[in-house]
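K.L.:
the following comprises the amino acid sequence and a computationally predicted model.
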Amino acid sequence: MTELTNTPERQSRDPMNSDSDTRGVRPNLKRHWNRRWRRYLFALLALIPAILLTLPAIFAMRQGGCHLVGYIPDGGTTVEFDLRQVLANVPGPVVVWACLDESCVRHLGSSDRWTYFQDMNAALTDPETVDVRVVVRDHGRVVFDHATRLVELDEEQPNGPGCEPTFFSAGVRATPEGDLIQQ
């Protein structure tokens with residue numbers, strides 16, 4: 001009769017021996033699953049505080065916090081000039097003087113180039129109104145000259161309400177009759 005028990009004398013001491021009796025032993029899957037589950041749980045618990053700290057910051061930025069919109073200078077006053085009606089019948093080069101309060105800029109070039117443009121005065125940082133004047137000359141002849149016009153400005157804050165910088169802007173249109181009309 002054959003003995004079915006494996007006595008210590010019959011067991012091989014070499015773990016690499018192919019005759020060893022480990023073929024029938026199954027690994028403990030429960031222990032393996034518990035270790036893997038604990039790692040995932042630990043990683044999840046480590047991420048929860050980071051998520052909870054990040055979400056309110058993102059929510060605050062969307063609800064009215066300041067945000068940057070491209071490159072923006074420190075603010076100032078911008079007036080858009082529409083001279084299309086005045087320069088419609090003026091061929092060739094012109095000289096356009098555009099003044100915001102006492103600061104004037106001279107523009108030279110073809111009449112097509114200066115039909116619509118804007119000038120900025122960074123020194124005017126908190127006005128409600130600005131004095132605007134436009135003079136257009138063609139070969140020394142005055143095509144358009146208007147007395148100074150007081151223009152109301154709109155306040156703009158491109159980074160959100162209460163956020164710097166603050167801009168003030170307006171638009172004027174010159175008419176062939178010699179008027180500057182606020183747009």
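P.N.:
Received it, and whenever you're ready, just let me know what you need. Numbering: from 1, shown residues only.
K.L.:
can you pull out the helices in the chain?
P.N.:
29-62, 84-87 (DSSP state H).
K.L.:
isn't residue 149 up against residue 101?
P.N.:
No: using CB atoms under 8 Å, residue 149 is not in contact with residue 101, being 11.8 Å away. Yep, even glycine has a C-beta here, placed from its N, CA and C like the rest.
K.L.:
now do the shared contacts for the two.
P.N.:
residue 131 (CB atoms under 8 Å, 6 or more residues apart in numbering).
K.L.:
low-scoring stretches of this protein, by residue?
P.N.:
1-33, 57-65, 67-75, 125-126, 147 (pLDDT under 70).
K.L.:
now do the strands in it.
P.N.:
Assigned by DSSP state E, the strands in the chain fall at 76-82, 93-100, 103-110, 116-121, 129-138, 141-145, 149-152, 154-156, 167-174, 180-182.
K.L.:
and the third one, what does it pack onto?
P.N.:
Counting by 3 or more CB pairs under 8 Å, 6 or more residues apart in numbering; DSSP states H and E, the packing neighbours recorded for strand 103-110 are strand 93-100, strand 116-121.
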